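Q: here is a sequence together with a model predicted from it:
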Amino acid sequence: MIRIGIVGYGNLGKGVECALNQNKDMSLFGVFTRRNPDSVTIQTAGVPVCSVSSVADWKDNIDVMILCGGSATDLPKQTKEYAQYFNVVDSFDTHAKIPEHFANVDAAAQESGKVAIISVGWDPGMFSLNRMYAGAIL
């Protein structure tokens, strides 16, 4: 069973939770928020909602942390920071800054021995594949 954590519980975090509930080999172990944890209600019963300030305390309990923050300010800081403690996945989508983001996150992941996967999702993930296919056809 892959133990998953979610950082950020906006629309993306809620979507990740729904996707996890459809996969029998994954289990949601915690949701981390900047809001008051008592004000956040999630769909999965029995899963704690915690302050994002306690993320590092969970390093031995979560296998993969899915980062659901924004690309402008959240992910450039969070992904490289959390790659020190967890295998991480983010949806960074500021195309012009992907090489810089990759270098920063890769350095942190290499140092900690963790896996960090960036820019996963619709854009740039699926859009990039669409552009590649269109370019090949044209």
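A: Here it is on my side, so go on. Being a predicted model, the structure only gives us computed values, none of them experimental.

Q: tell me if Ser53 really is in a helix.
A: Yes. Counting by DSSP: H, G, I helix; E, B strand; the rest coil, Ser53 is part of a helix.

Q: may I see the buried residues of the helix or strand Cys18 falls within?
A: In the assignment (DSSP states H and E), Cys18 maps to helix 11-20. Applying a neighbour-count criterion of 16 or more other CB atoms under 10 Å, the buried positions in helix 11-20 are 12-14, 16-17, 20. Where C-beta positions appear, they are placed from N, C-alpha and C, glycine not excepted.

Q: next one: it to chain centre, how far?
A: 11 Å (CA atoms, centre = their mean, to the nearest Å).

Q: going forward, the N-terminal residue is numbered 49.
A: Sure, I'll start counting at 49 from here, so that last one is helix 59-68.

Q: what packs against the helix or strand following that helix?
A: Sequence-wise, the next helix or strand beyond helix 59-68 is strand 74-81, with elements assigned using DSSP H and E. Under the contact criterion of 3 or more CB pairs under 8 Å, 6 or more residues apart in numbering; DSSP states H and E, the helices and strands touching strand 74-81 comprise strand 50-55, helix 59-68, strand 97-99.

Q: how about the second one as PDB, C-alpha atoms only?
A: Spelled out, it's helix 59-68. These are the backbone C-alpha positions of helix 59-68, laid out as PDB (Å, rounded to 0.1, in the frame of the first residue of the first chain):
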ATOM      1  CA  ASN A  59      -9.800  22.100  -6.100                       C
ATOM      2  CA  LEU A  60      -6.600  20.200  -7.000                       C
ATOM      3  CA  GLY A  61      -6.200  18.600  -3.600                       C
ATOM      4  CA  LYS A  62      -9.900  17.500  -3.600                       C
ATOM      5  CA  GLY A  63      -9.400  16.000  -7.100                       C
ATOM      6  CA  VAL A  64      -6.300  14.100  -5.900                       C
ATOM      7  CA  GLU A  65      -8.300  12.800  -3.000                       C
ATOM      8  CA  CYS A  66     -11.100  11.500  -5.300                       C
ATOM      9  CA  ALA A  67      -8.500   9.900  -7.600                       C
ATOM     10  CA  LEU A  68      -6.800   8.100  -4.600                       C
END
